[in-house]
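Enquirer: Give me the fold of what follows.
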Amino acid sequence: MSTYQPIASVTLSSAQSSVTFSGIPQTYTDLILVVNNIVSSGTGNDTALRFNDDTSSNYSNTYLLGTGTSALSGRNPLTYADNGYLSANSGNPNTRIIHLMNYTNTTTFKTQLTRASGQNGGQVTAYVNLWRSTSAITKILVYSADSLNYAAGSTFNLYGVANASITNVAKATGGDSVTTDGTYWYHTFRSSGTFTPTQALTADYLVVAGGGGAGGWQSGGGGAGGLRCTVTATGGGGSLESALSLTAQAYTVTVGAGGAGGVYPGANQGNNGSNSVFSTITSTGGGGGGTYGNPSTSIADGKSGGSGGGAGGRESGDSTGGAGTSNQGYAGGTTFNAYARSALGGWVTAGGGGAGAVGGNNGSFTSGNGGNGVATSISGSSVTYAGGGGGNAGGSGGFSNVSSGTGGTGGGGNGGRSNSQTIAPQNGTANLGGGGGGAYDTTGGAGGSGIVIVRYAV
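Expert: Next up is the predicted model:
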């Protein structure tokens, strides 16, 4: 990224006596003002700058001037910063590059360097101006000291100069990708690694654990990985997490894997996802989805996790979703026995919980949808993470009237369907921490892996 950042640009459409830049940002180290102008009339005089409307005798300049045949120098106390002679020749534009150093400093006087060329008689001039003020420069007036007009077509461009050591060099190492937008540095870990600051810094973070797998037979969707974040929103409806104060040492980053789906044949619950860890922050892996629970009842319930797994099917009694973890995710949905086996012979189960919502319960002819995830802009743009997996649908008879659940936003896998209209359950999306989709008579969808993103200010 370039260290020169445009602040303002003015091109005159008609003759004008002055140009003002006000409200100058205080986020740069230096300012560069490039002036390319023509004097519309008059005998010519010096281009002047005034800062913050100061008209007192607080300015002085030293100059060196060469014409090709002679050289001059001098020093003058003034009521403005002098930046070179203006030619009255409309065919002879004047160009100045004006460098204002350390313009935000409130403890020292301000120094300005100017290179000027293209003046009457082919002069080339260098100026050093001093403004004896400790005020930060917030306003610049550009005008002719002899009250001349600048002609149409004259241009005035103001740039801010960012510190190269800050802008172009990260303050830490580690991550599968390291990027900057000029405001923040972003270290994205899609796999485990080490984050090592080169200096003390304050870091925002997103830590998403691996999503849970769905069960392998008449199963509920897997729960999303737990989500903890300092930007936009965190999981489970909780308050935003607090940023971390880090020092120049190595911090282990663990990106949790998604849990495997329960194996079919056999009634097997889905496996929980693995935790993700950054420094002192741990997000809990998503809960596995429940499976067919007769005669056993416990395996029909979803497992607890960052977000809870959705409940599987039972022929007697309701089965419940797994609990979510406080400030990370929500519980999985319930499979009600009254609906578990629909009147038309199809099985419908519950969706897994998401970081942003509880997993959906089953209905008379529909499986529950996965709970939606949470959107955060920690990466520089809004992305949704940690959606729960949808419940399955399956059976015979009026199967075509039974709908499987959809995965929650943020990478939750859709539930599967079976028999004559076979649709495989989907896995949760990698690096979003989504739960796997439920299955009727096949291995359940696996959970998606998690992610860790660390950001800090440029």
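Enquirer: Please parse the protein into its domains.
Expert: 4-165, 170-458 (automatic domain parsing).
Enquirer: Where among those domains is average confidence lowest?
Expert: Out of the domains of the chain, domain 4-165 stands lowest, with a mean of 83 (criterion: mean pLDDT).
Enquirer: Would you reformat the domains of the chain as JSON lines and include mean neighbour count?
Expert: C-beta here means a position set from N, CA and C on the backbone, and glycine is covered the same way. Output for the domains of the chain, formatted as JSON lines (neighbours: other CB atoms under 10 Å):
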{"stretch": "domain 4-165", "mean neighbour count": "17"}
{"stretch": "domain 170-458", "mean neighbour count": "27"}
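Enquirer: quick one: stretch 255-270 to chain centroid distance?
Expert: 33 Å (CA atoms, centre = their mean, to the nearest Å).
Enquirer: how far does it stretch from start to finish?
Expert: 20 Å (CA to CA, to the nearest Å).
Enquirer: same deal with stretch 185-196?
Expert: By CA to CA, one end of stretch 185-196 lies 13 Å from the other end.
Enquirer: Please give the centre-to-centre distance between that stretch and its chain.
Expert: So, by CA atoms, centre = their mean, the centroid of stretch 185-196 is 14 Å from its chain's centroid.
Enquirer: Report the central residue of the chain.
Expert: Centroid-nearest residue in the chain: Gly380, 1.9 Å away (criterion: CA atoms, centre = their mean).
Enquirer: Tell me the backbone dihedrals of that one, please.
Expert: phi 100, psi -20 (degrees, to the nearest 10).
Enquirer: Check the one 10 residues further on too.
Expert: The main-chain torsion angles of Gly390 are listed as degrees, to the nearest 10 and equal phi -80, psi 150.
Enquirer: Would you mind measuring from it to Thr155?
Expert: 59 Å (CB to CB, to the nearest Å).
Enquirer: One more: Arg96?
Expert: 11 Å.
Enquirer: Which residues are in contact with each of the two?
Expert: 34-36 (CB atoms under 8 Å, 6 or more residues apart in numbering).
Enquirer: Arrange the residues you listed in TSV, one row each, with distance to Lys171 and secondary structure as further columns.
Expert: Formatted as TSV, the shared contacts of Arg96 and Thr155 follow (distance: CB to CB, whole Å; DSSP: H, G, I helix; E, B strand; the rest coil):
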residue	distance to Lys171	secondary structure
Val34	31	strand
Val35	36	strand
Asn36	38	strand
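Enquirer: where's the closest residue to the residue nearest to the centre of the chain other than its chain neighbours relative to Ala386, distance?
Expert: Nearest residue to Gly380, sequence neighbours excluded (CB to CB, 6 or more residues apart in numbering): Asp181, at 5.3 Å. Look at Asp181 and Ala386: by CB to CB, they are 24 Å apart.
Enquirer: same check, this time on Gly394
Expert: 26 Å.
Enquirer: Repeat that for Asn369.
Expert: 15 Å.
Enquirer: same question, Gly305
Expert: With CB to CB as the criterion, Gly305 and Ala386 are 11 Å apart.
Enquirer: Pull up the overlap in contacts between the two.
Expert: Joint contacts of Gly305 and Ala386 (CB under 8 Å, 6+ apart) are 225-226, 286, 329.
Enquirer: could these be laid out in a markdown table, adding distance to Asn61 and secondary structure?
Expert: Below are the shared contacts of Gly305 and Ala386 laid out as a markdown table (distance: CB to CB, whole Å; three-state DSSP):
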| residue | distance to Asn61 | secondary structure |
| --- | --- | --- |
| Gly225 | 64 | coil |
| Gly226 | 64 | coil |
| Gly286 | 68 | coil |
| Gly329 | 65 | coil |
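Enquirer: got those residues as JSON lines, with distance to Ala355 columns?
Expert: Compiled in JSON lines, these are given as follows (distance: CB to CB, whole Å):
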{"residue": "Gly225", "distance to Ala355": "8"}
{"residue": "Gly226", "distance to Ala355": "7"}
{"residue": "Gly286", "distance to Ala355": "9"}
{"residue": "Gly329", "distance to Ala355": "5"}
